[in-house]
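A.B. asks: Could you work out the structure for the sequence below:
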Amino acid sequence: MERSLSQFGASSASKITSSSSSSSCAVRAAAANSRAQRISKGATKTTTRTTRTGLGAVVKMMATTETDRMTIKTHHYDQLSKEEQKLLLKRPRVDFTSIASIVDPIVNKVRDEGDSAVLEFTEKFDKVRPSPLVEKIENFPQPSLDPTVKEAFDVAFENIKKFHEAQLNTGEVDVTTMPGVRCRRVARPIGSVGLYVPGGTAVLPSTALMLAVPAMIAKCPIVVLATPPLKDGTICPEVLYCAKKSGVTHILKAGGAQAVAAMGYGTETCPKVDKIFGPGNQFVTAAKMNLQNSDAMCAIDMPAGPSEVLVVADKDANPSHVAADLLSQAEHGPDSQVVLVVTPDVNVERIVEEVRVQANKLPRADITEKALSHSYCVVVKDIDEVVKFSNAYAPEHLIVNVEDPESLLPSLDNAGSIFMGRYTPESVGDYASGTNHVLPTYGFSRMYSGVSLDSFIKYMTVQELTKEGIENLGPHVAKMAEVEGLDAHRLAVTLRLGIE
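C.D. replies: Numbering: from 1, shown residues only. This next block holds a predicted model:
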């Protein structure tokens, strides 16, 4: 659930969107998004426009009405050139070079000036100066939530906890490699972690659970949760509820690049963390990248980009379900991309029409329209080509809405999270099935995994030799050291063997 780079975080040097104070995050998000309603229902002018898509291809498009823009292009894979086929795998471009020119000075000022810089930028971007900036979790009263909201988050907490607890001790090893030579791998929690929970156009208490629950299970001693404050300087009650329930130790009432920098370098009141987790807008992502390549000695969870989904559907998949799955990612942000992959026997027109109908009813319709403008459907010749295309695209989310999804799983190699069968929308993974929604995007699922218990753990190897062990192994080690010309290495062995 790495979100669109344009959706999250309250801090931007060019435009800041903050939600109004309310007792409910959902109410605030709805108010912030009311301006997303469609206002062009009467447009009927027919125009032809030529646009350069995020894939780099020039496409001529007919725009008969505003409503008709709520659609996705369809490509027949075999009719495309090799170059056009490659372009389909490209994501919408994000210009991190220009973003870094804005973010780097913010990070550097927080590094040098600490809390005062964080407060300065929070007041500038979020129009609030929280006091205190950082509080220990026990200082917050228990938030009051609607019982049905509390129950929903409690169910999600239990499922996330159960799935991540099952990952405990799976990486520890104790092996005798030869007589007298014992090798082990032991796990330790990362000492201090920072969790970024976005605000802005959508507040995400679910992300607080996804990050804090595995940190709690891993027993990380210090867990700092950073989230943009509301206009009155308080924290979204649902986020606070999840934080208190999941073992967070400190709340940093700030968002954007300044919050990331505060956690990465530490300030007078914010503990320095060893690793930062969580989605965010392009400024948050750039700040995380800055820290990873600086003297801050701070790791990050993974590279991040706009949210995305690839949906595989067969001829019996319900078109309304397929459309809803596509739109559930398109509404994240204008840089999001959704892809539908089908075989020739699927009625693509019905799905595309359903996308249009549902999209025009969404509160975030203007955002969805922009995302759909660089989304598409691709028709391939058979199911083997479906799998091949999916593996090449390497999506963040992969929905396999076919009759026998299990038969495809052994061939699916690249995806952040997979959703199998007719009754598994991506939404369940975003919230409460138990798997983690912080996932690699932008094709990084080829080499990165999503957040898991292991993300909050480091492993140390341990070896121990007996006298028998050094006698068995020592001569071989001494010979290898001799080959490499490292005489001190050789002596460390031969002196113990008494042959020097």
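
A.B. asks: Tell me the spacing between residue 196 and residue 244.
C.D. replies: 18 Å (CB to CB, to the nearest Å). For glycine as for every other residue, the C-beta is placed from the backbone atoms N, C-alpha and C.

A.B. asks: Please identify which of those two sits among more neighbours.
C.D. replies: residue 196 (32 against 18; other CB atoms under 10 Å).

A.B. asks: Touching, that one and residue 260? I think so.
C.D. replies: Yes. Using CB atoms under 8 Å, residue 196 makes contact with residue 260 at a distance of 6.5 Å.

A.B. asks: Pull up the overlap in contacts between the two.
C.D. replies: Common contact partners of residue 196 and residue 260 (CB atoms under 8 Å, 6 or more residues apart in numbering): 226, 276, 280, 284.

A.B. asks: which one of these sits closest to residue 187?
C.D. replies: residue 276 (20.4 Å; CB to CB).

A.B. asks: Enumerate the beta-bridge partners assigned to that closest one.
C.D. replies: The bridge-partner assignment for residue 276, based on DSSP bridges, gives residue 194, residue 300.

A.B. asks: From the shared contacts of residue 196 and residue 260, which land in strands?
C.D. replies: 226, 276 (DSSP state E).

A.B. asks: residue ranges for the strands of the stretch 201-350 of the chain, please.
C.D. replies: Using DSSP state E, counting those that start in this stretch, the strands of the stretch 201-350 of the chain run over residues 222-226, 250-252, 275-277, 299-300, 308-313, 337-342.

A.B. asks: measure stretch 268-281 end to end?
C.D. replies: Terminal residues of stretch 268-281 are spaced 26 Å apart (CA to CA, to the nearest Å).

A.B. asks: what do you get for stretch 270-279?
C.D. replies: For stretch 270-279, the end-to-end distance is 20 Å (CA to CA).

A.B. asks: Buried residues of that stretch, list them for me.
C.D. replies: 270-279 (16 or more other CB atoms under 10 Å).

A.B. asks: Check stretch 215-231 too.
C.D. replies: Neighbour counts using 16+ other CB under 10 Å place 215-218, 220, 222-230 of stretch 215-231 among the buried residues.

A.B. asks: Same question for stretch 108-124.
C.D. replies: Result for stretch 108-124 [16+ other CB under 10 Å]: buried residues 109-111, 114-115, 117-122.

A.B. asks: Return the list of helices and strands in contact with the strand or helix carrying residue 86.
C.D. replies: Element membership for residue 86, per DSSP states H and E: helix 82-87. Helices and strands touching helix 82-87, by 3 or more CB pairs under 8 Å, 6 or more residues apart in numbering; DSSP states H and E: there are none.

A.B. asks: Quick one: name whatever helix or strand follows it.
C.D. replies: Trace forward from helix 82-87 with DSSP H and E and the next one is helix 96-113.

A.B. asks: which other residues reach that next one?
C.D. replies: 13-14, 117-118, 120-121, 256-258, 260-262, 264-265, 267, 282-283, 285-287, 289-291, 294, 296.

A.B. asks: ok now that helix, how far from the chain's centre?
C.D. replies: 22 Å (CA atoms, centre = their mean, to the nearest Å).

A.B. asks: For the chain, give me the ranges with low pLDDT.
C.D. replies: Along the chain, segments meeting pLDDT under 70 span 1-68, 200-201.

A.B. asks: Contacts only, for the nearest residue to residue 217 once chain neighbours are set aside.
C.D. replies: Distance criterion CB to CB, 6 or more residues apart in numbering; nearest residue to residue 217, sequence neighbours excluded, is residue 164 at 5.2 Å. Residue 164 makes contact with 213-214, 217, 434, 436, 452-453, according to CB under 8 Å, 6+ apart.

A.B. asks: got the end-to-end distance for stretch 79-94?
C.D. replies: 29 Å.

A.B. asks: For that stretch, buried residues please.
C.D. replies: Under 16+ other CB under 10 Å, the buried positions of stretch 79-94 are 85, 87-88, 90-92, 94.

A.B. asks: coming back round to it: just send the shared contacts of residue 196 and residue 260 back as TSV, with distance to residue 360 too.
C.D. replies: TSV is the format used below for the shared contacts of residue 196 and residue 260 (distance: CB to CB, whole Å):
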residue	distance to residue 360
226	36
276	38
280	29
284	31
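
A.B. asks: Go through the shared contacts of residue 196 and residue 260 and say which is closest to residue 444.
C.D. replies: Out of those, the member with the shortest distance to residue 444 (by CB to CB) is residue 280, at 15.7 Å.

A.B. asks: Relative to residue 129, how far out is the closest one?
C.D. replies: 21 Å.

A.B. asks: Next: residue 397.
C.D. replies: In terms of CB to CB, residue 397 sits 38 Å off from residue 129.

A.B. asks: okay, these two: which has more neighbours?
C.D. replies: Neighbours were counted for residue 397 and for residue 129 using other CB under 10 Å; residue 397 has more, 27 against 14.

A.B. asks: and the more buried one, backbone torsions?
C.D. replies: Phi and psi for residue 397, reported as degrees, to the nearest 10, are phi -120, psi 140.

A.B. asks: Relative to residue 388, how far out is the closest residue to it other than its chain neighbours?
C.D. replies: Leaving aside its chain neighbours, residue 397 sits nearest to residue 309 (4.2 Å; criterion: CB to CB, 6+ apart). Distance of residue 309 to residue 388, computed by CB to CB: 18 Å.

A.B. asks: for residue 466, same thing?
C.D. replies: Taken as CB to CB, the span from residue 466 to residue 388 is 52 Å.
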